[in-house]
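S.K.: Structure for this input, please:
(one chain, ligands or ions: 2)
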Amino acid sequence: MIVVGSGPGGYIAAIRAAQLGKSVACIEEWKDPAGKPRLGGTCLNVGCIPSKALLASSEHFEQAKHGLAEHGVQVKGVTLDLAQMIKRKAAIVDKFTGGVEFLFRKNKVTWIKGHGKLKGRRADGVIEVEANEGGAAKPYTARNVIVATGSKARHLPNVPVDNRIVADNEGALSFDSVPKKLAVIGAGVIGLELGSVWRRLGSEVTILEALPTFLGAVDESIAREAAKQFAKQGLTIHLGVNIGEVSTTAKGVSIAYKDKTGADQKLDADRLIVSIGRVPNTDDLGLDAVGLATDARGFIPVDDQCRTSTPGIYAIGDVVRGPMLAHKAEDEGVMVAEVIDGQKPHIDYNCIPWVIYTEPEIAWVGKTEAQLKAEGRAYRTGQFPMSANGRALGLGRPEGFVKMIADATTDELLGVHIISANASDLIAEGVAALEFKAASEDIGIISHPHPSLSEVMREAALAVQKRALNM
Ligand code: FAD
Ligand code: NAI
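M.R.: Ligands and ions are numbered 1, 2, ... in the order given. Predicted structure coming up:
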């Protein structure tokens, strides 16, 4: 089996297939800025892992400056060592990408360093692949190929990204100084996470968003609370804008835009992050050589089990439909390895959680109220605030709430929505509940440790039946 791409989709597929006894090679072309070949894809190199490292470091900085006095801890003369912060992030990336190398060795997965390209499918079903390892391209063959080539940042037309003045996720994770004024285009996940990092480190951050609603995919009450919290923190977000000309100099950037009333505005900043979504990566992949083509949005069409229309070729992760999330890519990697092994795995895409790692964090699984209304489904909701939870108060994190949505008749849990500290960990209980088709009552009657943030999950579930205990 050959896997093209070693992001969370590809490397997990390779390991699972190796566990199942397949002979596996993974073609990966990624090189770090020093030219060293790397495994791990976007997630490990310039995505999930480095962004969460910087989110944690920047939060420590902000806490040390503004959050500790309340606890009776007096800290004076807090200063930022950005170079050390970036070095720590790089060390975590090193450890993790090295960890994938170790896992490949352990599972006897061969790493072919270079660019992979599909070359054809023989009459006997064998698939021909070529890997360009710098110089002459080498031919390989496999019974099955998994395309896991991921995605790349979408850029604005006519606005070149130099990752210094105008950055996408790669540059925004490695600025060498804190911009005094930072502009961000796109108030999605990256805009909010990386906007938060640089705001905490001292930037004056302004986010320009084309859509008139904030976090449109998030349950409305959570999005409202998030907007309130972010405004309080000092993130300026302008919705409903129309970006015009973006001009850059060696020192900064100027963004002309129309605001929501249609009036002309200009935003000058030292640096700009463009975070307007990502596009599937099928560059020079040779899809046509095996009878495949991308859809209108650039994705490789696949069925529910990630089969393409060419037998023996599968595609997973960001390069196919569905949310662009690392755990979704991983789940598809495992599923495809098991399908190739003749098993019958299945993914319920409704049970894939989302997390936005701002502070407070936002996490959800299942349906929002708006989606259920559109489906005409009768439901009940229960909500419980973190401010009534002893552990949250002890931690100094009383912001936010948990909201549960359950079917009005059967009480089946349909959605769990959280805005709070550690929402990324709390949501796992919601995922388990939805996967097991639990009722809100099930969460309400099971024991939760005291004192813990998880008690808010229980109270929100009880609130669906109007029987919360501590409110
Ligand atoms: P990728 O991780 O993009 O990996 C694809 C790999 O294929 C790359 O290494 C690439 O070099 C290689 N490749 C491509 N074409 C070829 C070829 N022809 N030959 C050889 N190799 C090739 N998701 C989360 O779930 N949680 C998060 O907290 C999170 N944070 C993120 C933060 C940022 C800043 C960004 C940008 C993304 C984040 N994501 C997060 C999204 C997550 O990174 C992606 O969903 C995930 O990496 C997709 O995995 P993948 O395996 O499909 O592709
Ligand atoms: P996004 O899709 O989350 O947000 C992009 C935003 O830009 C949207 O709100 C969109 O309306 C806006 N936009 C698009 N074009 C615009 C324009 N011309 N002018 C102004 N605004 C415009 O994409 P983002 O933030 O780039 O992240 C890409 C993907 O990476 C995410 O969708 C997510 O799948 C993944 N990711 C996941 C994370 C997580 O799980 N915590 C963290 C970071 C990224």
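
S.K.: And stretch 214-234, what's buried?
M.R.: Neighbour counts using 16 or more other CB atoms under 10 Å place 214-215, 218-219, 221-223, 225-227, 229-230 of stretch 214-234 among the buried residues. (Each C-beta comes from the backbone N, C-alpha and C, glycine too.)

S.K.: how about the residues of the stretch 251-400 of the chain near ligand 2?
M.R.: Neighbours of ligand 2 within the stretch 251-400 of the chain, by CB under 6 Å from any ligand atom: 275-278, 323-325, 355-357.

S.K.: Let me know the closest of these to Gln371.
M.R.: Gln371 lies nearest to Pro323 out of those, by CB to CB, at 14.4 Å.

S.K.: pLDDT weak spots in the stretch 301-450 of the chain?
M.R.: Of all residues in the stretch 301-450 of the chain, none has pLDDT under 70.

S.K.: can you pull out the strands in it?
M.R.: Taking DSSP state E, counting those that start in this stretch as the criterion, the stretch 301-450 of the chain carries its strands at 313-315, 354-356, 361-366, 379-385, 401-407, 413-420.

S.K.: How about the stretch 51-200 of the chain?
M.R.: Using DSSP E, counting those that start in this stretch, strands in the stretch 51-200 of the chain cover 110-113, 115-121, 127-132, 137-142, 145-147, 151-153, 166-167, 181-185.

S.K.: between those strands, which one is nearest to ligand 1?
M.R.: For ligand 1, the closest of the strands of the stretch 51-200 of the chain is strand 115-121, at 3.5 Å, according to CB to the nearest ligand atom.

S.K.: Just say which of the strands of the stretch 51-200 of the chain is most tucked in.
M.R.: strand 145-147 (a mean of 28; mean count of other CB atoms under 10 Å).

S.K.: what's in contact with it?
M.R.: With CB atoms under 8 Å, 6 or more residues apart in numbering as the test, strand 145-147 has contacts from 1-5, 10, 13, 118, 127, 129, 285, 300, 308, 312-316, 319, 333, 336-337.

S.K.: now swap in stretch 221-236 and tell me
M.R.: 192, 195-196, 199, 204-207, 213-216, 218, 237, 356, 358-360, 362, 364, 369, 383, 399-401, 403, 417-419.

S.K.: returning to that earlier point: which of the residues of the stretch 251-400 of the chain next to ligand 2 ranks first by neighbour count?
M.R.: Counting neighbours by other CB atoms under 10 Å, Ser275 leads these with 25 neighbours.

S.K.: How many residues are close by the closest residue in space to that one that isn't next to it in sequence?
M.R.: Spatial nearest neighbour of Ser275, chain neighbours left out: Ile190 (3.7 Å); criterion: CB to CB, 6 or more residues apart in numbering. Ile190: 24 surrounding residues under other CB under 10 Å.

S.K.: Ends of stretch 57-72, what's the gap?
M.R.: 21 Å (CA to CA, to the nearest Å).

S.K.: Can you give me the buried ones in it?
M.R.: 57-59, 61-63.

S.K.: For the residue most central in space within the chain, give me phi and psi.
M.R.: Centroid-nearest residue in the chain: Leu325, 4.7 Å away (criterion: CA atoms, centre = their mean). Dihedral pair for Leu325: phi -130, psi 140, per degrees, to the nearest 10.

S.K.: That one and Val93: what is the separation?
M.R.: 19 Å (CB to CB, to the nearest Å).

S.K.: related to what we said a few turns ago, and the strands of the stretch 301-450 of the chain: which comes nearest Val431?
M.R.: By CB to CB (comparing all of the strands of the stretch 301-450 of the chain), the closest turns out to be strand 361-366, at 5.1 Å.

S.K.: thinking again about what came up before, closest to ligand 2 among the buried residues of stretch 214-234?
M.R.: Looking across the buried residues of stretch 214-234 and measuring by CB to the nearest ligand atom, the closest to ligand 2 is Leu215, at 7.8 Å.

S.K.: Give me the spatial nearest neighbour of the closest one, chain neighbours excluded.
M.R.: Per CB to CB, 6+ apart, closest to Leu215 is Ala223, 4.1 Å.

S.K.: same check, this time on Val159
M.R.: Going by CB to CB, 6+ apart, Val159 has Val246 as its nearest residue, at 4.6 Å.
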